[in-house]
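Asker: Here is a sequence with its predicted model. Questions after.
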Amino acid sequence: MKTGLTALKGTKDILPAEARLWQKAEALCREIFEAYGYREIRTPIIEPTELFIKGTGETTDIVTKEMYTFTDKGGRSITLRPEYTPSVVRAIIEHRLYLQPSPLRFYYFGPMFRHDRPQRGRYRQFHQVDVEVFGESDPALDAEILEMADYLLDRLEIKNRELLINSVGCPVCRPSYLAFLRQEAEKLKSQLCQDCQRRLELNPLRLFDCKEPTCQGITQSLPKITDHLCPDCQRHFDGLRRWLDFYRLSYRVEPRLVRGLDYYTRTTFEIISPDLGAQNALLGGGRYDHLMKLYGGPDICGIGFAMGLERVLSVAKISGDEEKTIYFAYLGERAKEYCLQLCRELRRLGLSSIIEYKERSLKEQLGRANKLGISWTIILGEEELTQGVVQLKEMASGEQKAVPLDQIIRVLKILERGQKKLADIDWQNRVNR
Ligand code: AMP
């Protein structure tokens, strides 16, 4: 049926079958982050626009072109968050979380909004999983985060991937590098796109963010920041490489990796996959040692990454958990009442159970069970009630057994745990829990 109403361009519905996969991926992330000492934080989707102008950066593509910004009824400029880090930093300052023992480790799941040109792997509403650590400047932490990301991608069964790292320097070494970069890029200005000509004036580092192939070619020949690091940044970068070697993580240094945001210092990184197409970053992040201070908070360093769930799930080989559902096929009012009670009990035990109310023949009910992809059907009629049993049908094998009413819950629990098939259950002895 067509109503003319469809989801907005660049947004998509996640239907139940796909949502299973999302649940699995989210559960995996949660399990791993918690094991590494991260705790969940949730912040609002809407924030004051200034938050992103100040943090993400006035000259970034996100702020200049991509934000969903509107004026609310109170006349305030509001933005649907395009990224997550500024919100976490705001929350830490607002709730003085920095008074807690550091480092602080947080993780988060949620939708982000960017008004970019939609294409494969690029949506206007997309979902990120983010992690952030505050209060630890040792490069061993940078490597630990990458080791965790590596483990997570392993568990998501994404084999084909590559880790890229870079250092974008710090306020000590970056200004002189930027001056040199501007000087060199000026020589090629006429070959750059309009946007890049503007970037060159405002912030030449942003030249490396350009998505135009011609500009990407030109920036290959520009000076590399890794050749202009101050001794402290060089030491940090060397430290990161040493710890990556320690974890036996392979990586490639990519000097053009500046990552589109203004607040990064020192380490930046991405994990890319050739299976993704043009938008090839599975996750990306870096250090932002001065962001907290920029927002008026204490001088606490930070590092984190964001992983796009749409992209990750488009290449992950994991599958959603098998659905195991019990269906009730009953005949007669007494059987219906018994089934309703049993169904209620099973649901409270966490066993997914479906009961329907339309009067149907047994054959029709079994047909429904097949269509619904049911694992087990409980069949109950007057005859079974008199005998004190239910017929239990394992739909995949077609195996059917009469199970005493007082044993049905135990049997279903065993089957649901996947330990046994119906045919393997020993009916001579009482069924074990
Ligand atoms: P960023 O915040 O741009 O560093 O992005 C971090 C991760 O979020 C990327 O590596 C992608 O996996 C994902 N991502 C970023 N932008 C989009 C988008 N427009 N659509 C889908 N995923 C995105």
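Answerer: Okay, I see it.
Asker: and the helix ranked longest in the chain, anywhere near the ligand?
Answerer: In the chain, taking DSSP state H as the definition, the longest helix is helix 16-35. No: on the criterion CB under 6 Å from any ligand atom, helix 16-35 is out of touch with the ligand, staying 12.6 Å away. For every residue, glycine as well, the C-beta is placed using N, CA and C.
Asker: Buried residues in that helix, which are they?
Answerer: 20-22, 24-25, 28-29, 32-33 (16 or more other CB atoms under 10 Å).
Asker: which helices and strands sit right next to that helix?
Answerer: strand 104-113, strand 125-134, helix 139-155, helix 309-315 (3 or more CB pairs under 8 Å, 6 or more residues apart in numbering; DSSP states H and E).
Asker: and the shortest one with the ligand, contact?
Answerer: Yes: Helix 309-315 is in contact with the ligand by CB under 6 Å from any ligand atom, via 310-311.
Asker: same question for that helix, mean pLDDT?
Answerer: Per-residue pLDDT values over helix 309-315 give a mean of 96.
Asker: How about residues contacting that helix?
Answerer: Residues outside helix 309-315 that contact it (CB atoms under 8 Å, 6 or more residues apart in numbering): 12, 18, 21-22, 25-26, 109, 121, 123, 126-129, 153, 156, 158, 160, 273, 275-276, 279, 281-283.
Asker: Buried subset of these, written for PyMOL?
Answerer: Selection of buried members from the contacts of helix 309-315 for PyMOL, criterion 16+ other CB under 10 Å:
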select buried, resi 21+22+25+109+121+123+126+127+128+129+153+156+158+273+276+279+281+282+283
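Asker: for the stretch 1-150 of the chain, what are the low-confidence residue spans?
Answerer: Judged against pLDDT under 70, the stretch 1-150 of the chain has no low-scoring part.
Asker: Looking at the buried residues of helix 16-35, point me to the pair that's furthest apart.
Answerer: R20 and F33 (20.6 Å; CB to CB).
Asker: Burial check on the residue of the chain found nearest the ligand, number of neighbours?
Answerer: Nearest residue of the chain to the ligand: G308, at 2.3 Å (CB to the nearest ligand atom). Using other CB atoms under 10 Å, the number of residues around G308 comes to 22.
Asker: if we can go back for a sec, which other residues reach the longest helix of the chain?
Answerer: 14, 40, 105, 107, 109, 129, 131, 148, 151-152, 155-156, 309, 312-313, 316, 318-321, 323.
Asker: Run the angle between that helix and strand 125-134 for me.
Answerer: 0 degrees (axes from the mean of the first three to the mean of the last three CA atoms, to 10 degrees).
Asker: which residues touch the following helix or strand past helix 16-35?
Answerer: Sequence order places strand 39-40 as the next helix or strand after helix 16-35, per DSSP states H and E. Under the criterion CB under 8 Å, 6+ apart, residues 30, 33, 105-108 lie in contact with strand 39-40.
Asker: What residues does the stretch 301-433 of the chain have near the ligand?
Answerer: 306-308, 310-311.
Asker: Make CSV from these and add distance to R360 to it.
Answerer: Converted to CSV, those look like this (distance: CB to CB, whole Å):
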residue, distance to R360
A306, 50
M307, 47
G308, 45
E310, 40
R311, 44
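Asker: Now flag whichever of those is closest to I354.
Answerer: Closest to I354, out of all of those and judged by CB to CB, is E310, at 30.6 Å.
Asker: Quickly find the element holding F328.
Answerer: F328 belongs to strand 326-330, assigned by DSSP H and E.
Asker: and the next element down the chain from that strand?
Answerer: helix 333-348.
Asker: export that next one as PDB, just CAs?
Answerer: What follows is helix 333-348, C-alpha atoms only, in PDB (Å, rounded to 0.1, in the frame of the first residue of the first chain):
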ATOM      1  CA  GLU A 333     -12.900 -23.400  25.700                       C
ATOM      2  CA  ARG A 334     -11.300 -25.400  28.500                       C
ATOM      3  CA  ALA A 335      -8.100 -26.000  26.500                       C
ATOM      4  CA  LYS A 336      -8.000 -22.300  25.700                       C
ATOM      5  CA  GLU A 337      -8.100 -21.400  29.300                       C
ATOM      6  CA  TYR A 338      -5.400 -23.900  30.200                       C
ATOM      7  CA  CYS A 339      -3.200 -22.600  27.400                       C
ATOM      8  CA  LEU A 340      -3.700 -19.000  28.400                       C
ATOM      9  CA  GLN A 341      -2.500 -19.800  31.900                       C
ATOM     10  CA  LEU A 342       0.500 -21.800  30.700                       C
ATOM     11  CA  CYS A 343       1.300 -19.100  28.200                       C
ATOM     12  CA  ARG A 344       1.300 -16.500  30.900                       C
ATOM     13  CA  GLU A 345       3.600 -18.700  33.000                       C
ATOM     14  CA  LEU A 346       6.100 -19.300  30.200                       C
ATOM     15  CA  ARG A 347       6.300 -15.600  29.300                       C
ATOM     16  CA  ARG A 348       7.100 -14.800  32.900                       C
END
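Asker: name the helices or strands packed onto that helix?
Answerer: strand 326-330, strand 353-354, strand 376-380, helix 382-387, helix 408-417.
Asker: Tell me which of these approaches T3 most closely.
Answerer: strand 353-354 (28.8 Å).
Asker: What are the contacting residues of that closest one?
Answerer: Against strand 353-354 from outside (CB under 8 Å, 6+ apart): 325-328, 343, 346-347, 372, 374.
Asker: Next secondary structure after the helix or strand hosting Q183?
Answerer: Element membership for Q183 (DSSP H and E) is helix 174-186. Toward the C-terminus, helix 174-186 is succeeded by helix 194-202 as the next helix or strand (DSSP H and E).
Asker: any idea which helix or strand comes after that following helix?
Answerer: Counting by DSSP H and E, what follows helix 194-202 is helix 213-220.
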